[in-house]
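[1] Here is my input, please return the structure:
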Amino acid sequence: MGLDIRLPIGLMFSLIGLLMTGYGLCTPTAIYERSLGINVNLWWGLVLVVFGGWMLISSLLPEKKK
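    Numbering: from 1, shown residues only. Reported below is the predicted structural model:
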């Protein structure tokens, strides 16, 4: 059994993504005028949540034997 860092990386990215998504949902849209009205915190938070979830799922799947 080797060192598997997918679990802590998945937890870290999921937590940061949830924080960014929550911040993006709670902030007024006026602060996103410089980014052409795109809620950058919301979209990148969702990307981080998806990546963190993918890492968590891959860490829980059984390894293939060689």
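[2] residues near residue 17, how many?
    20 (other C-beta atoms under 10 Å). All C-beta atoms are positioned from the backbone trio N, CA, C, and that covers glycine.
[3] gap between it and residue 60?
    Using C-beta to C-beta, to the nearest Å, residue 17 is found at 18 Å from residue 60.
[4] Distance from stretch 23-30 to the middle of the chain?
    Relative to the centre of its chain, stretch 23-30 is centred 18 Å away, using C-alpha atoms, centre = their mean, to the nearest Å.
[5] whoops, stretch 32-44 was the one
    Taking mean C-alpha positions (C-alpha atoms, centre = their mean), stretch 32-44 and its chain are 17 Å apart.
[6] May I have it as CSV, with CA atoms only?
    Output in CSV follows, covering the C-alpha atoms of stretch 32-44 (Å, rounded to 0.1, in the frame of the first residue of the first chain):
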residue,chain,number,x,y,z
TYR,A,32,-18.3,41.7,-11.1
GLU,A,33,-18.5,44.7,-13.5
ARG,A,34,-14.8,44.5,-14.1
SER,A,35,-15.1,40.9,-15.2
LEU,A,36,-17.8,41.6,-17.8
GLY,A,37,-20.5,40.7,-15.3
ILE,A,38,-19.3,37.1,-14.9
ASN,A,39,-19.5,35.8,-11.4
VAL,A,40,-15.9,34.4,-11.3
ASN,A,41,-16.1,33.2,-7.7
LEU,A,42,-19.2,31.2,-8.4
TRP,A,43,-18.0,29.5,-11.6
TRP,A,44,-14.5,28.7,-10.3
